[in-house]
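dropping a prediction and its sequence here:
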Amino acid sequence: ATPLAVASAVSRGLDRGVVVRDASVFERAPDVDTVVFDKTGTLTTGEMTAERVVATPDATEADVLASAAALETYADHPAAEAIVDRADDATDLDGIPAASGVERHPGRGVAGRVDDERVLVGNRDLLAEHDVALPSALADAADAARDDGALPVFVVRGDEAHGLVVVHDDPRPGWERACERLADDGRDVVVLTGDDHAAASRFERHDAVSDVYADVRPESKTEIVRALASEGDVAMVGDGSNDAGALAAADVGVAMGSGTALAADAADAVVVDDDLASVGTTFDLATTAHGRVR
Ligand code: ADP
Ligand code: MG
């Protein structure tokens with residue numbers, strides 16, 4: 001590509017919601033045969049809402065929400081923000097209780113103490129790791145939430161699971177078209193998520209998606225992208241700080257502008273209009289800059 005063609009592609013990108021941080025991305029993009037999407041915050045808006053609280057008979061919904069919010073105040077997952085927002089708005093809560101000794105468990109949740117009692121807030125793995133059993137009523141409520149595409153966040157006080165908060169995460173509008181466009185160009189579309197297959201089922205079911213890697217620990221995202229990149233040319237699209245390694249490991253890294261600065265810093269291009277169609281635009285700009293057609 002001539003410097004002029006590249007400069008013009010960079011400037012057209014700006015008009016169409018794509019900030020190119022490294023113009024050599026235009027040389028790499030046309031060869032990409034696999035596009036990997038992070039699920040939460042990338043294929044979904046990442047702006048979650050806590051829709052429902054479920055409590056076991058020995059707890060109240062208000063207690064479950066209060067314990068959850070106490071710890072989530074210290075977390076940085078979108079589910080944490082949703083839970084804190086709901087607690088802030090709850091009229092049956094007298095503020096969010098103070099927590100101490102809060103530890104983050106990436107890809108699982110948070111652990112800490114409230115009123116000198118241990119509290120765990122997170123997924124099934126977090127409970128398993130601390131040898132906390134899941135009562136069948138909560139397991140059933142969690143399965144129902146998952147079938148709905150929602151995320152169940154379990155709340156443990158002391159040694160027992162006392163309830164859960166059902167958190168919704170809506171897909172970004174236009175995700176289907178964005179994936180179809182990439183698939184129509186002959187690229188494989190792959191979804192990576194820390195959630196399980198059920199939570200990703202809406203994406204898994206779609207024809208344009210060729211593969212879903214579920215239950216992926218944050219540190220494994222990079223390994224998976226590396227493995228895929230050893231077999232072909234890979235683009236990674238992500239938003240979170242735990243996507244930075246994968247974005248850097250990919251041949252082409254694209255960050256969502258609403259995501260963290262760490263992700264943007266690791267990416268070749270940033271989608272600033274938060275429109276997933278702009279991922280395809282990045283490839284189109286590259287094709288035009290090079291006068292090359294796939
Ligand atoms: P993703 O971007 O796919 O959500 P993460 O690795 O950030 O991947 O999280 C994976 C899973 O870990 C989440 O789906 C959730 O079940 C759990 N999790 C992580 N952090 C929290 C948190 N602060 N509160 C509740 N659950 C959490
Ligand atoms: Mg994410």
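Received the coordinates, thanks. Ligands and ions are numbered 1, 2, ... in the order given.

hey, let's count contacts and neighbours off CA atoms from now on
OK.

the residue of the stretch 151-294 of the chain found nearest ligand 2: what's it in contact with?
For the stretch 151-294 of the chain and ligand 2, the shortest gap (Cα to the ion) falls at Gly240, measuring 4.7 Å. For Gly240, the contacting residues are Gly41, Gly259, Thr260, Leu262, Ala263, by Cα atoms under 8 Å, 6 or more residues apart in numbering.

which one (most neighbours) among these?
Within the contacts of Gly240, Ala263 tops the neighbour count with 27 neighbours, counted by other Cα atoms under 10 Å.

from memory that residue sits against Ala246, does it?
No: using Cα atoms under 8 Å, Ala263 makes no contact with Ala246, being 9.3 Å away.

quick revisit: and the pLDDT at the residue of the stretch 151-294 of the chain closest to ligand 2?
In this model, Gly240 is scored at 89, pLDDT.

could you do Thr2 as well?
87.

can I get the contacts of Gly240 in TSV with secondary structure and distance to ligand 1?
Output for the contacts of Gly240, formatted as TSV (DSSP: H, G, I helix; E, B strand; the rest coil; distance: Cα to the nearest ligand atom, whole Å):
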residue	secondary structure	distance to ligand 1
Gly41	helix	7
Gly259	coil	11
Thr260	coil	12
Leu262	helix	14
Ala263	helix	12
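
now the closest residue to Gly109 other than its chain neighbours: how far from ligand 1?
Leaving aside its sequence neighbours, Gly109 sits nearest to Gly122 (Cα to Cα, 6 or more residues apart in numbering; 4.0 Å). Separation of Gly122 from ligand 1 (Cα to the nearest ligand atom, to the nearest Å) stands at 4 Å.

and for Pro57?
Counting by Cα to the nearest ligand atom, the gap from Pro57 to ligand 1 is 22 Å.

strands paired with the host helix or strand of Leu164, and their directions?
Here Leu164, judged by DSSP states H and E, is contained in strand 160-168. Strand 160-168 has the following strand partners under DSSP bridges: strand 49-55 (antiparallel), strand 151-157 (antiparallel).

give me the next element, helix or strand, following that strand.
helix 175-184.

so which elements touch that next one?
strand 188-192, helix 277-290 (3 or more Cα pairs under 8 Å, 6 or more residues apart in numbering; DSSP states H and E).
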